[in-house]
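**Student:** Okay, predicted coordinates and the sequence, questions at the end:
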Amino acid sequence: MRYDLDFKLEVIAYYMQGHTGRATAEEFNLDNKIVIKWVKQYQSGGIEAIKPKTSKAYYSHEFKHKVITTMLSQGLSQLEVALRYNISSPALISHWHKAYRLEGISGLISKPKGRTVMSKPFITDKPEG
């Protein structure tokens, strides 16, 4: 489910008034993890970090590699590295990490989506007969 900016700000403000993550989650009928994620995003990047994304983000394989190597070399969690690089979903980093473990840097290169375009078939005249 997507939440608008005003709702997220209301949740964060409630939390910042001294309520616990659990109390805030109960007040707004949310999962505690979502509350903590929004608060951390807001603290690290302000309003821009919690704004709903209007389009799907594209990440180059170089960027993905930088994120994964930073996470591994500095011992950061997926959430910590997501906050550092302003990536909305830590789960995305999990997918990148798995692809990197299985295929190396080539696993981080985006594969084309959808079906391939068919070339026009070579049409020949039917034999008489």
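**Tutor:** That came through fine.
**Student:** ok, then the element right after the helix or strand that contains Ala23?
**Tutor:** Using DSSP states H and E, the element containing Ala23 is helix 21-28. Remark: after helix 21-28, the chain's next helix or strand is helix 32-50, criterion DSSP H and E.
**Student:** got the contact list for the closest residue to Ser44 other than its chain neighbours?
**Tutor:** Leaving aside its chain neighbours, Ser44 sits nearest to Leu83 (4.7 Å; criterion: CB to CB, 6 or more residues apart in numbering). (Glycine included, C-beta is placed from N, CA and C.) Contacts for Leu83 (CB atoms under 8 Å, 6 or more residues apart in numbering) come out as Lys40, Gln41, Ser44, Gly45, Ala49.
**Student:** Check the gap between the residue most central in space within the chain and Ile47 for me.
**Tutor:** Residue closest to the mean C-alpha point of the chain, counted by CA atoms, centre = their mean, is Ser89 at 3.2 Å. Remark: distance between Ser89 and Ile47 (CB to CB, to the nearest Å) = 19 Å.
**Student:** what does the host helix or strand of Ala99 contact?
**Tutor:** Using DSSP H and E, Ala99 maps to helix 90-103. Residues outside helix 90-103 that contact it (CB under 8 Å, 6+ apart) are 64-65, 67-68, 71, 77-79, 81-82, 87, 107-108.
**Student:** one step back: could you dump the contacts of Leu83 to a markdown table with pLDDT, distance to Leu9 and neighbour count?
**Tutor:** Formatted as a markdown table, the contacts of Leu83 follow (pLDDT from 0 to 100; distance: CB to CB, whole Å; neighbours: other CB atoms under 10 Å):
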| residue | pLDDT | distance to Leu9 | neighbour count |
| --- | --- | --- | --- |
| Lys40 | 90 | 15 | 16 |
| Gln41 | 88 | 12 | 22 |
| Ser44 | 84 | 16 | 13 |
| Gly45 | 83 | 14 | 14 |
| Ala49 | 83 | 12 | 15 |
